[in-house]
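1. quick check, what structure comes out for this input:
(one chain, ligands or ions: 2)
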Amino acid sequence: MSSTPLKVAVTGAAGQIGYSLLFRLASGSLLGADRPIELRLLEITPALKALEGVVMELDDCAFPTLAGVEIGDDAEKIFDGVNLALLVGARPRGPGMERGDLLSANGAIFTAQGKALNNVAADDVRIGVTGNPANTNALIAMTNAPDIPQERFSALTRLDHNRAISQLAAKTGASVTDIKKMTIWGNHSATQYPDLFHAEIGGKNAAEVVGDQDWLENTFIPTVAKRGAAIIEARGSSSAASAASATVDAARDWLHGTPEGDWVSMAVVSDGSYGVPEGLISSFPVTTKDGDWSIVQGLDIDDFSRAKIDASTAELADERAAVTELGLI
Ligand SMILES: NC(=O)C1=CN([C@@H]2O[C@H](COP(=O)(O)OP(=O)(O)OC[C@H]3O[C@@H](n4cnc5c(N)ncnc54)[C@H](O)[C@@H]3O)[C@@H](O)[C@H]2O)C=CC1
Ligand SMILES: O=C([O-])CC(=O)C(=O)O
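-> Ligands and ions are numbered 1, 2, ... in the order given. Coordinates of the predicted model:
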């Protein structure tokens, strides 16, 4: 185990998700108790004072794994030499909005940050995008960082993946650890497709165990796909602790690898697998090893799943056209 601190950048560090995420990262949730971590926190200038307060709290935790914290509003300084960049900072949506409505407000953030990462990040950098609309923001950052291999960019659909596991566990009485091979396909939006036809519960096909197509179509899929909106409705602001937890889960599994016999959902650049147009950042079932991911191949896609995947990737293609129009890529 290396004793060199992993340099982890977090943007939007003074925000809601940051307030949960930083403490998880600093306490060892990402790399375990033996690997130190250095946090590099980016905020806009008016939020730096609040961020100083958060850093005081990080200090007060006396985390053994926290080797240092740097804060600032200059992306090139904060991203200098980072091995992992978690791009969280972006405006959240409010009631009645779709995440895609944030494109024009947030897209420019990812142009600038993609360029800065391209200039100064470490050669082994991995970039996870949480800020919405996450898939297309990741596409913007990737396109603006031509020297970073495209497979180093990913957008967060792990929260949807975790939500799908939790809903399935509640329906069937299974424990979450019995559920494997969950897949979220497509966009982190209301069109996403949580797929039970390839998931397993205790080694058995999940759709067969459930045996209730009506529940699958009319309860499970919409509950998972609209969970973010339900949380906004209930809490008055968007999910934060669960988003932070999923951000940690996704980064940890990317860096450490997925267990044998399971996979995770990550939105990654499409190579055309499963008919998803090449170059879109779309969620797939992936396995990871040594910091690299590969899309699980060879799954049978029936007509129901085909239509759902096509609808979500068509939305991604529309978002790509919109940001092209805005001159962001
Ligand atoms: N992919 C996913 O599963 C989820 C994504 N999200 C998204 O994550 C984003 C952040 O959510 P919250 O923390 O709740 O929002 P928030 O509004 O509490 O915090 C966002 C922070 O980003 C900062 N920020 C804005 N522009 C920045 C820039 N150019 N550089 C650095 N920081 C910047 C703001 O000052 C603010 O402190 C939102 O876009 C939200 O929709 C939220 C939940 C789940
Ligand atoms: O719904 C939102 O706007 C926040 C989010 O992405 C989620 O909770 O999945």
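2. please enumerate the helices of the stretch 151-300 of the chain.
-> Using DSSP state H, counting those that start in this stretch, the helices found in the stretch 151-300 of the chain span residues 158-172, 206-210, 213-215, 221-225, 227-235, 241-256.
3. would you mind pulling up the elements that the fourth one packs against?
-> With contacts defined as 3 or more CB pairs under 8 Å, 6 or more residues apart in numbering; DSSP states H and E, the packing partners of helix 221-225 are helix 158-172, strand 193-195. In this view, the C-beta of every residue, glycine as well, is placed from N, C-alpha and C.
4. what of the longest one?
-> Using 3+ CB pairs under 8 Å, 6+ apart as the contact criterion, the elements in contact with helix 241-256 are helix 16-26, strand 84-87, strand 126-129, helix 158-172, strand 264-269, strand 281-289.
5. how about the first one?
-> Other elements packing on helix 158-172 under the criterion 3+ CB pairs under 8 Å, 6+ apart are strand 179-180, strand 183-185, strand 193-195, helix 206-210, helix 221-225, helix 227-235, helix 241-256, strand 264-269.
6. residues near the nearest residue to G94 once chain neighbours are set aside, how many?
-> Excluding the flanking residues, the one nearest G94 by CB to CB, 6 or more residues apart in numbering is I232, at 7.0 Å. The local packing of I232 (other CB atoms under 10 Å) involves 18 other residues.
7. how near is I232 to ligand 2?
-> 6 Å (CB to the nearest ligand atom, to the nearest Å).
8. ok, that residue - contacts?
-> Residues near I232 by CB atoms under 8 Å, 6 or more residues apart in numbering: R93, G94, P95, S238, S239.
9. equivalent analysis for S20, please.
-> A240, A241, A243, A244, S245.
10. distance of the second one relative to ligand 2?
-> Per CB to the nearest ligand atom, A241 is found 11 Å from ligand 2.
11. do the same with C61
-> 26 Å.
12. these two touch, right, that residue and G28?
-> No - contact between C61 and G28 fails when scored by CB atoms under 8 Å: they sit 11.3 Å apart.
13. of those two, who's got more company?
-> Per other CB under 10 Å, whichever of C61 and G28 has more neighbours is G28, with 17 against 12.
14. need the helices and strands packed on helix 221-225 in JSON lines with distance to ligand 2, mean pLDDT and mean neighbour count, can you?
-> JSON lines is the format used below for the helices and strands packed on helix 221-225 (distance: least, CB to the nearest ligand atom, whole Å; pLDDT from 0 to 100; neighbours: other CB atoms under 10 Å):
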{"stretch": "helix 158-172", "distance to ligand 2": "5", "mean pLDDT": "98", "mean neighbour count": "21"}
{"stretch": "strand 193-195", "distance to ligand 2": "12", "mean pLDDT": "98", "mean neighbour count": "26"}
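15. out of those, nearest to V88?
-> The closest of those to V88 is helix 158-172. By CB to CB, the value is 12.2 Å.
16. dump the closest one to PDB, restricted to CA.
-> Extracted C-alpha coordinates of helix 158-172, given in PDB (Å, rounded to 0.1, in the frame of the first residue of the first chain):
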ATOM      1  CA  ARG A 158     -24.200   5.100  -9.100                       C
ATOM      2  CA  LEU A 159     -26.900   6.800  -7.100                       C
ATOM      3  CA  ASP A 160     -29.500   5.500  -9.400                       C
ATOM      4  CA  HIS A 161     -27.900   2.100  -9.200                       C
ATOM      5  CA  ASN A 162     -28.000   2.100  -5.400                       C
ATOM      6  CA  ARG A 163     -31.600   3.300  -5.500                       C
ATOM      7  CA  ALA A 164     -32.500   0.500  -7.800                       C
ATOM      8  CA  ILE A 165     -30.900  -2.100  -5.500                       C
ATOM      9  CA  SER A 166     -32.700  -0.600  -2.500                       C
ATOM     10  CA  GLN A 167     -36.100  -0.600  -4.200                       C
ATOM     11  CA  LEU A 168     -35.600  -4.200  -5.300                       C
ATOM     12  CA  ALA A 169     -34.500  -5.300  -1.800                       C
ATOM     13  CA  ALA A 170     -37.600  -3.700  -0.300                       C
ATOM     14  CA  LYS A 171     -39.900  -5.400  -2.800                       C
ATOM     15  CA  THR A 172     -38.500  -8.900  -2.500                       C
END
